[in-house]
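Student: Fold the following, please.
(2 chains)
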Amino acid sequence: MKKEQLLDLYYQMVLIRRVEERGAELYQAGKIGGFMHLYIGQEAVSTGLIAAREPRDRVITAYRDHGVALNCGISSNEVMAELLGKATGMSKGKGGSMHMADTSKNMWGGHAIVGGHLPIASGLALGDQYAGNDNVTICMFGDGATNIGYFHEALNLAKTWGLRVLWVCENNQYGMGTAVERASAVTEIRQKAEGYGMKNGQADGMDVMKVYEAAREAIDYIRKEGQPYLLEVDTYRFRGHSMGDPERYRKAEEVKQWQENDPIGIFNKYLLDKKAATRKQLDEIEARVEEEVTKAVEFAEASPEPTMEDLFKDIYADN
Amino acid sequence: MAKITMREAISQALMEEMDRDPAVFILGEEVGVWGGTYAVTKGFYDKYGAARVKDTPIAENAILGAAIGAAMVGQRPIAELMTINFAFSAMDYIVNQAAKLRYMFGGQFTLPMVIRAVGGGGRQLGATHSQTPDAIFAHFPGLKVVSPGTPEDAKGLLKSAIRSNDPILFIEHATMYQVRGEVPEGEYTIPIGKSKVQRPGKDLTIVTYCKGLELSMKAADELAKEGIEAEIVDLRTLRPLDMEPVLESFKKTNRAIVVEEGWKSYGVGSEVVSRIYEEAFDYVDAPILRVAQKEVPLPYNRTLEQAALPQVPDIIVAAKEVLK
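Tutor: You can find the predicted model right below:
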């Protein structure tokens, strides 16, 4: 990867972190409603994955979607505006934190029914297969989604029909507050792909380069072979499941231990060690992000609310 | 005009639209090699091949999820549910996904898809295979629900549904595939969301759809022998509900009954009656009655099943009651 690309990945990761930190403040100030699930700690996963796709490859994810949206190229202005429910959000204020999509950037949504988007991912890939192209659909979901029927129906269909889907399980160790071993018969999620004869792999989700390499390899295989692939990525969310999480299910020491492996810290060190960047360059990126996020908040706050007319818009495409 | 069966009408609509638009394809359980559980897609697999007539696993979430995803990226899938009862296994895809995705993402994409599902009782299939749950699906904004009662309407409405850019649940009745009716020669479509007077009359209005239309037409013939002229308004589409022809008829007759095969409580009749009271209260000369299924899960036993389903005599009794 070229230096500029590496620096861009660093920028994306820091941007996700800062957008969400500001988002959390705005949530606590009562400016953001509903549920909000932060991606902090998992930034390396979507950053590495999406860096490995071509623009024609589709991305679909669950409700922890702010990072994915930013990685796909949706602006921080739009992300912040959607969080605030403004008309200038990418979903025009109708989706909120959990439902961010921009199909022009091949980001097909944040989806809030656990596992519900997996069969839809098979459908996106089916649409491409039917059209006769070799686009890949990257479908991200948590470990918790692998215990629900949708997962199994979607994987079975993808393998049976040879659909080009990269299934990415972000194993962040907990489905809401329930640890993997308390909810899943196997704790190594990739084993579930074996039951469908599906090629699979594992990657360290705290290291963006490792995720990127694993994703590239998987995407090459998928595109070439016309077969799905399941990639399990081990990661950890530093914050609660959502903003209202008392975190009674895990110990502070455990969180602290993972935080010592902060994906941004790891990548920062990697860039310096490899002499891909200077300390000054990285500081500049952080300062640039700071300014961008401040402007995004200003943009969102100054943006108009959707109108009463919008309430009845887009229910149907035909009258 | 040609006289064909409901099965032929639906089959013709599917074939004509597949010939017309390469984006249209069919997926579902046993739609291909088997030829469709109700033989609606017989011959399709040989004509169009496995890519356009896709046999699926018995996995309703996968079927509807795949249809939704393919529709999001511009294809025009027709997903067949072997029976509407299996829709409950994939309720999420109908109510949480198909009905909401466009709105929730600010109108960024369309969902040009049809879900064909067979419903209805009367074939001794037991409680889980005989339901008429149409009203449940009509509850959700974002979905359109169509349920025709004649071959002509079935063909024209299904063709419109396939061309529509919205998700449409198209409900057929298990006992009506052999029903014969006149169908126009050549190309035609019938707009979704338009009710239709299927039989003119002046004494009372019978509002109905699908299987209820067949029963109501027979009841109207009987009533006519006694000099009672019933006007039958066929809803054809449950959402969006077109009340205009209903209200127009009611303002003339001032008396009405609603006939449906589903359960009475919270049903289609409940909705129609409310709308008449809200929008034509000054024209009401008698309480509006509902003829519907008894409030029981449908039993297997033929006598009991028929006793639970609405029958022609029930319609005649109700019609005479509102004319008292």
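
Student: what's the spacing between B:G262 and A:R56?
Tutor: 46 Å (Cβ to Cβ, to the nearest Å). Backbone N, C-alpha and C define where each C-beta goes, glycine included.

Student: between these two, who's got more neighbours?
Tutor: Here B:G262 and A:R56 are compared on neighbour count by other Cβ atoms under 10 Å in any protein chain shown; more neighbours surround B:G262, at 24 against 11.

Student: how close does that one get to chain A?
Tutor: When distance is defined by Cβ to the nearest Cβ, to the nearest Å, B:G262 is 24 Å away from chain A.

Student: Skip the chain neighbours and tell me the closest residue to that residue.
Tutor: Excluding its sequence neighbours, the residue lying closest to B:G262 (Cβ to Cβ, 6 or more residues apart in numbering or on different chains) is B:T132, at 4.0 Å.

Student: and A:P246, how far is that from chain B?
Tutor: In this structure, A:P246 and chain B are separated by 28 Å, where distance is defined by Cβ to the nearest Cβ.

Student: mind listing what the residue nearest to that residue when sequence neighbours are not counted touches?
Tutor: Counting by Cβ to Cβ, 6+ apart, the nearest residue to A:P246 once its immediate chain neighbours are dropped is A:G240, at 7.7 Å. By Cβ atoms under 8 Å, 6 or more residues apart in numbering or on different chains, the contact list for A:G240 reads A:L38, A:P246, A:E247.

Student: A:G244 now?
Tutor: With contact set as Cβ under 8 Å, 6+ apart, A:G244 has these partners: A:F35.

Student: quick one, phi psi at it?
Tutor: The phi/psi pair for A:G244 (degrees, to the nearest 10) reads phi -100, psi 50.

Student: Kindly state the pLDDT recorded for it?
Tutor: At A:G244 the predicted local distance difference test score is 86.

Student: and if you look at A:A183?
Tutor: Confidence at A:A183, expressed as pLDDT, is 94.

Student: again with B:F281
Tutor: If you check B:F281, the pLDDT there is 98.

Student: wouldn't B:P191 be in contact with B:K159 here?
Tutor: No - here B:P191 does not reach B:K159: they are 10.6 Å apart, not a contact under Cβ atoms under 8 Å.

Student: Have a look at the two and say which one is more surrounded.
Tutor: Of the pair B:P191 and B:K159, B:K159 is the one with more neighbours under other Cβ under 10 Å, namely 20 against 13.

Student: Please report how far the more buried one lies from chain A.
Tutor: Going from B:K159 to chain A by Cβ to the nearest Cβ gives 14 Å.

Student: Quick one: name the residues of the stretch 151-300 of chain A near chain B.
Tutor: When proximity is defined by Cβ under 8 Å from any Cβ of the partner chain, the stretch 151-300 of chain A lies next to chain B at A:E153, A:A154, A:N156, A:L157, A:T160, A:W161.

Student: Check the stretch 151-300 of chain A for the residue nearest chain B and tell me.
Tutor: Among all residues of the stretch 151-300 of chain A, A:E153 sits closest to chain B, at 3.9 Å; criterion: Cβ to the nearest Cβ.

Student: Ramachandran coordinates for A:T178?
Tutor: Given degrees, to the nearest 10, the pair of backbone angles that A:T178 has is phi -100, psi 120.

Student: residue ranges of the helices in chain B, please?
Tutor: Here chain B has its helices, by DSSP state H, at B:6-20, B:44-48, B:60-72, B:91, B:101-104, B:134-138, B:151-163, B:211-225, B:244-253, B:268-280, B:302-308, B:312-323.

Student: The third one vs chain A: in contact?
Tutor: If I follow you right, that is helix B:60-72. Yes - applying Cβ under 8 Å from any Cβ, one finds that helix B:60-72 is in contact with chain A at B:N61, B:A62, B:L64, B:G65, B:A66, B:A67, B:I68, B:G69, B:A70, B:A71, B:M72.

Student: Quick check: B:R76 vs chain A, distance?
Tutor: The span separating B:R76 from chain A equals 10 Å under the rule Cβ to the nearest Cβ.

Student: now swap in B:I58 and tell me
Tutor: With the distance defined as Cβ to the nearest Cβ, B:I58 ends up 10 Å from chain A.

Student: for the spatially most central residue of chain B, what are its contacts?
Tutor: Ranked by distance to the mean C-alpha position of chain B (Cα atoms, centre = their mean), the top residue is B:S147 at 1.4 Å. Applying Cβ under 8 Å, 6+ apart to B:S147 gives the contacts B:G119, B:D134, B:F170, B:I171, B:E172, B:H173, B:Y209, B:C210, B:L235, B:R236, B:T237, B:L238.

Student: Which ones among those lie within strands?
Tutor: With strands defined by DSSP state E, the entries of these inside them are B:G119, B:F170, B:I171, B:E172, B:H173, B:T237, B:L238.

Student: hang on, isn't the first one packed against B:F170?
Tutor: No - contact criterion Cβ under 8 Å: B:G119 and B:F170 do not qualify, at 10.6 Å.
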